[in-house]
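Student: Next input, structure requested:
(chains A and B)
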There are 2 protein chains.
Amino acid sequence: METTKFMLSEREMPTHWYNVLPDLPAPLPPPLHPGTGQPLGPADLARLFPMELIKQEVSPERSIEIPEEIQQLYRLWRPTPLFRAHRLEKALGTPARIFYKYEGGSPAGSHKLNTAVAQVYYNKQEGVRRLATETGAGQWGSALALACQFFGLQCKVYMVQSSYHQKPYRRVLMETWGARVVPSPSEDTNAGRTIRALDRDSPGSLGIAISEAVEDAASHDDTKYSLGSVLNHVLLHQTVIGLEAKKQMEMAGLYPDVIVGCIGGGSNFAGTFLPFVKDKIDGKNLRIVCVEPEACPSLTKGVCAYDFGDTAKLTPLLRMYTLGHSFVPPRIHAGGLRYHGMAPIVSHLYHLKVVEAVAVHQLATFEAAVTFARAEGILPAPEPSHAIKVTIDEALKCKESGEKKTILLALSGHGHFDLGAYDEFLSGKLKDYEYPTELVKKALEELPKVG
Amino acid sequence: METTKFMLSEREMPTHWYNVLPDLPAPLPPPLHPGTGQPLGPADLARLFPMELIKQEVSPERSIEIPEEIQQLYRLWRPTPLFRAHRLEKALGTPARIFYKYEGGSPAGSHKLNTAVAQVYYNKQEGVRRLATETGAGQWGSALALACQFFGLQCKVYMVQSSYHQKPYRRVLMETWGARVVPSPSEDTNAGRTIRALDRDSPGSLGIAISEAVEDAASHDDTKYSLGSVLNHVLLHQTVIGLEAKKQMEMAGLYPDVIVGCIGGGSNFAGTFLPFVKDKIDGKNLRIVCVEPEACPSLTKGVCAYDFGDTAKLTPLLRMYTLGHSFVPPRIHAGGLRYHGMAPIVSHLYHLKVVEAVAVHQLATFEAAVTFARAEGILPAPEPSHAIKVTIDEALKCKESGEKKTILLALSGHGHFDLGAYDEFLSGKLKDYEYPTELVKKALEELPKVG
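Tutor: All right, here's what the predicted structure looks like:
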């Protein structure tokens, strides 16, 4: 009998997060103060984040202990399974060995809960009573809503308007867990009102929603801001995925030749590949493939520069691949990938050619998602379906070449709330969005002049 | 640290289903031929079911081996976790120890896949190429769609119309897995057309949808019929739930004082409690509480009689608690509980007072569901929320009495496709349906005169 599922016991779960900062081949460019152009100090971030998360953001420690209360919550859905995709391999007729690490079994439906419970924990420790955040497809907002409910904090979610209407069940889920949800741009903030004055029908973007949530936090004494991706501490929390996956690949007796994941802000995939990246830096033959949407291709078509994390220029400046903070991506269903920038750590590793990137079109990702769902059962979210598309491409290359490559796919969440998009695809109504060359060109002209 | 989750290894998974028939304190009344009133022979069922399932339906063997191919598929989502609901206990302030066995982690979202893969396997063994079935809320239809996809069979699903419109994502899910789905009553069968001629806006019922699927199977040579609950072989396949739960309760070092589950056709809960029932028959102090909706209370308000399993009187006669085969239940959101009858095994055990029953209202179940979701994270389906309501009641009784009872809750599925109902509840629009006394009275007058 072939093994399909590799499970760790709770005792084998990571007790520490892995911090890549000390292992990077070159130091990560620091965030800058937008006014002075100088590197930020901890105090500059204290209005938005609790001190413990700020410390994690710049920690030189390779290993950071996971507090017991967080480990206890992790055990509600962790360790997560690593599957060998025997049935997909057979359907494709490939000699490749495909594994997927599945994070969709968390109650919130994705990897996002890994960092949500950690962030809320540290905020609670510092006496914070309310958190404001943005969400794209709703995966992050759901996770933070549930984590706030676990710890008894209030939660306000600015949900990108295009997703708010595409995925109404996500809003209800957040409300069930006690959060307040408004479509962004909203009338609740200056940032939102400004955009709406220019375009009442703006589909919104993660950049706009971040502006609203940051403004909300900055203007309420009891409130801090919580970000679901991009920042170092978020990627840090997500390394539980890769730490588990590495042990599970050992159980399977194989080491990946290729690791594939989708990137929006970068946290799910970085969480998966970072525990493998030192091996690659040390010379291991390993490809790490970041997959992004053609409609919002920050690594493959963006520039590496200091830019704002949000549209209203409220955040610090981060050195990253960006399409420009004012860029509003087309309304693709993978709402979690509609972000103009990219995690500084992922950007840095791409710049250093440690990881590579490829952009794919929406229709092809849904075709791959349906192939996957029919073979493996699990219905993937549109975001990781980008990675499935490239995984299938890699497996088909192996079919041609006869190579028995080992592919590890980061399957970050389920698509139970994305069936409206599946319906469009199955009925032939789904379309691709071309890369919006002119919009990006215009947005890149607005990059800040620093760094 | 308190243990939250009790997991079995794959090696500890059941290799055999448990057949309760030889352990019943009195023999189960046999199904009767509707024409002759005589007990059915295997040949009478062969038009609808493969012979191996017919054998299981009447098997005298206590233990039936699970074929390796089915075990292999089970491993995609099994063993399923048993959780200790520490957070719910704390929220309620109860000394009771609440455990829940969660089946919602299967790709189809519920326990239904346990029997779906088994049924499709045996059909495939006999060369069947197409299956027809009914579905209420869509849990069963999704499961059969996926199982048919796994084995390469075609699948036609008659989905109860009220659910078809309440839960559109369920249809898309079935279509993603390759099934054809029509709202029932449909124009595709005589049974459907007859109902529609009388009432174009009929909300449908499981009884009507079963008629359509049975007629479809009987009128296509390559097609057999597949039922998601009620019959002995379906309950048999579901015993993997209880067999696992029993081992997991041993891991926790406790034996349940009360087992609570929802019943529509009865398979999820029977699958959970049957492996415990012999202990109770042998004198163990154990309560088994079946929870049904006030709007469709077959055990608490129905009569024990021979009746048809469907509206159009196409099925054999089963001895069961029934509200009458022509009864069309109100449009409660727990579509899986909108069935006029009850599994003969559950009916028999209720008749023998081995299990007890209670009926609850829709609003109270959603209130319980939200309490559960906020404490434990998992968003329950409306069906098991009926059991959650009674579990909470039992736990609150313990709070009053100070008893440290151990409660085992059968949590059969997630509510990701039921968020429309949650939205109604949260916005104060959800309402209760009174028990439809007159409708049932009328339906009971139409009971067949046999047995």
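Student: can I assume A:G105 is in contact with B:G105?
Tutor: Yes: checked against CB atoms under 8 Å, the pair A:G105 and B:G105 is within contact range at 5.7 Å. To be clear about C-beta, it is placed using only N, CA and C from the backbone, and glycine gets the same treatment.
Student: start to end distance for stretch A:175-190?
Tutor: 24 Å (CA to CA, to the nearest Å).
Student: same for the one helix or strand A:D393 maps to, what does it pack against?
Tutor: Per DSSP states H and E: A:D393 is located in helix A:382-401. With contacts defined as 3 or more CB pairs under 8 Å, 6 or more residues apart in numbering or on different chains; DSSP states H and E, helix A:382-401 has these neighbours: helix A:86-92, strand A:258-262, helix A:267-281, strand A:287-293, strand A:356-360, helix A:362-376, strand A:406-411.
Student: So which bits of it are buried?
Tutor: Residues of helix A:382-401 classed as buried: A:382-395, A:398 (neighbour count, 16 or more other CB atoms under 10 Å in any protein chain shown).
Student: again with stretch A:221-239
Tutor: A:223-239.
Student: returning to what we had before: send me the helix holding A:D393 as PDB with only the CA atoms.
Tutor: Coordinates of each C-alpha in helix A:382-401 appear next as PDB, following Å, rounded to 0.1, in the frame of the first residue of the first chain:
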ATOM      1  CA  PRO A 382      -8.000  30.500  -6.300                       C
ATOM      2  CA  GLU A 383      -4.700  31.700  -4.800                       C
ATOM      3  CA  PRO A 384      -3.000  28.300  -4.400                       C
ATOM      4  CA  SER A 385      -4.500  27.300  -7.700                       C
ATOM      5  CA  HIS A 386      -1.900  29.500  -9.200                       C
ATOM      6  CA  ALA A 387       0.700  27.200  -7.700                       C
ATOM      7  CA  ILE A 388      -1.200  24.100  -8.800                       C
ATOM      8  CA  LYS A 389      -1.100  25.300 -12.400                       C
ATOM      9  CA  VAL A 390       2.700  25.500 -12.200                       C
ATOM     10  CA  THR A 391       3.000  22.200 -10.300                       C
ATOM     11  CA  ILE A 392       1.000  20.500 -13.100                       C
ATOM     12  CA  ASP A 393       3.300  22.200 -15.700                       C
ATOM     13  CA  GLU A 394       6.400  20.900 -13.900                       C
ATOM     14  CA  ALA A 395       4.900  17.400 -13.600                       C
ATOM     15  CA  LEU A 396       4.100  17.400 -17.300                       C
ATOM     16  CA  LYS A 397       7.600  18.500 -18.100                       C
ATOM     17  CA  CYS A 398       8.800  15.400 -16.100                       C
ATOM     18  CA  LYS A 399       6.400  13.300 -18.200                       C
ATOM     19  CA  GLU A 400       8.200  14.500 -21.400                       C
ATOM     20  CA  SER A 401      11.700  14.200 -20.000                       C
END
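Student: ok and it relative to strand A:287-293, angle-wise?
Tutor: 130 degrees (axes from the mean of the first three to the mean of the last three CA atoms, to 10 degrees).
Student: ok, back up a step: please list which of the buried residues of stretch A:221-239 also come close to chain B.
Tutor: Near chain B, judged by CB under 8 Å from any CB of the partner chain, there are no entries from the buried residues of stretch A:221-239.
Student: Can you pick out the ones from the residues you listed that are in strands?
Tutor: A:223-225 (DSSP state E).
Student: State the distance from the closest residue to A:L352 other than its chain neighbours to A:L349.
Tutor: Closest residue to A:L352 apart from its sequence neighbours, by CB to CB, 6 or more residues apart in numbering or on different chains: A:P25 at 5.9 Å. For A:P25, the distance to A:L349 (CB to CB, to the nearest Å) stands at 9 Å.
Student: Looking at the two now, which is surrounded by more residues?
Tutor: Taking neighbours as other CB atoms under 10 Å in any protein chain shown, A:P25 and A:L349 compare with A:L349 leading, 27 against 12.
Student: which ones are touching the more buried one?
Tutor: Counting by CB atoms under 8 Å, 6 or more residues apart in numbering or on different chains, A:L349 touches A:24, A:277, A:288, A:355.
Student: try it again with 6 Å
Tutor: Applying CB atoms under 6 Å, 6 or more residues apart in numbering or on different chains to A:L349 gives the contacts A:V355.
Student: did I read that right, it in a strand?
Tutor: No: assigned with DSSP: H, G, I helix; E, B strand; the rest coil, A:L349 falls outside any strand and is helix.
Student: Now stretch A:362-379: buried residues?
Tutor: A:362, A:364-379.
Student: What is the neighbour count of the spatially closest residue to A:H33 that is not a sequence neighbour?
Tutor: Distances taken as CB to CB, 6+ apart put A:L40 closest to A:H33, at 5.4 Å, once the chain neighbours are dropped. The number of residues packed near A:L40 is 19, by other CB under 10 Å.
Student: Please tell me I have it right and A:L408 contacts A:F99.
Tutor: Yes: the pair A:L408 and A:F99 passes the contact test of CB atoms under 6 Å, sitting 5.0 Å apart.
Student: who's more crowded, these two?
Tutor: When neighbours are counted by other CB under 10 Å, A:L408 and A:F99 differ, and A:L408 comes out ahead with 30 against 22.
Student: secondary structure class for the nearest residue to the more buried one once chain neighbours are set aside?
Tutor: By the measure of CB to CB, 6+ apart, the closest residue to A:L408 outside its immediate chain neighbours is A:P256, 4.0 Å from it. Secondary structure, three-state DSSP: A:P256 is coil.
Student: how close does A:P256 sit to B:L447?
Tutor: 63 Å.
Student: go on, A:L144?
Tutor: A:L144 is 54 Å from B:L447, by CB to CB.
Student: Compare those two (neighbour count), which wins?
Tutor: Remark: of A:L144 and B:L447, A:L144 carries more neighbours, 33 against 18, as counted by other CB under 10 Å.
Student: which secondary structure element contains the residue lying closest to that one once chain neighbours are set aside?
Tutor: Nearest residue to A:L144, sequence neighbours excluded (CB to CB, 6+ apart): A:A116, at 4.8 Å. Here A:A116, judged by DSSP H and E, is contained in helix A:112-125.
Student: low pLDDT regions in the stretch 51-200 of chain A?
Tutor: In the predicted model of the stretch 51-200 of chain A, no residue satisfies pLDDT under 70.
Student: What about the closest residue to A:H416 other than its chain neighbours, how many residues nearby?
Tutor: Nearest residue to A:H416, sequence neighbours excluded (CB to CB, 6+ apart): B:H416, at 4.0 Å. B:H416 sits with 20 neighbouring residues when counted by other CB under 10 Å.
Student: that's a strand at B:H416, yeah?
Tutor: No: checked against three-state DSSP, B:H416 lies outside a strand; its state is coil.
Student: Now A:L243. Nearest residue, chain neighbours left out?
Tutor: Going by CB to CB, 6+ apart, A:L243 has A:P14 as its nearest residue, at 4.2 Å.
Student: let me redo that: A:H237
Tutor: A:T115 (3.8 Å).
Student: can I assume the one you found is in contact with A:H233?
Tutor: No: if you go by CB under 6 Å, A:T115 and A:H233 don't touch, sitting 7.8 Å apart.
Student: So for stretch A:254-267, mean pLDDT?
Tutor: On average, the pLDDT along stretch A:254-267 is 98.
Student: scratch that, stretch A:407-418
Tutor: pLDDT averaged over stretch A:407-418 gives 96.
Student: How about the contacts made by the residue nearest to A:L236 when sequence neighbours are not counted?
Tutor: In space, and not counting its chain neighbours, A:L236 is closest to A:W17: 4.9 Å by CB to CB, 6+ apart. With contacts defined as CB under 6 Å, 6+ apart, A:W17 is in contact with A:64, A:236, A:239.
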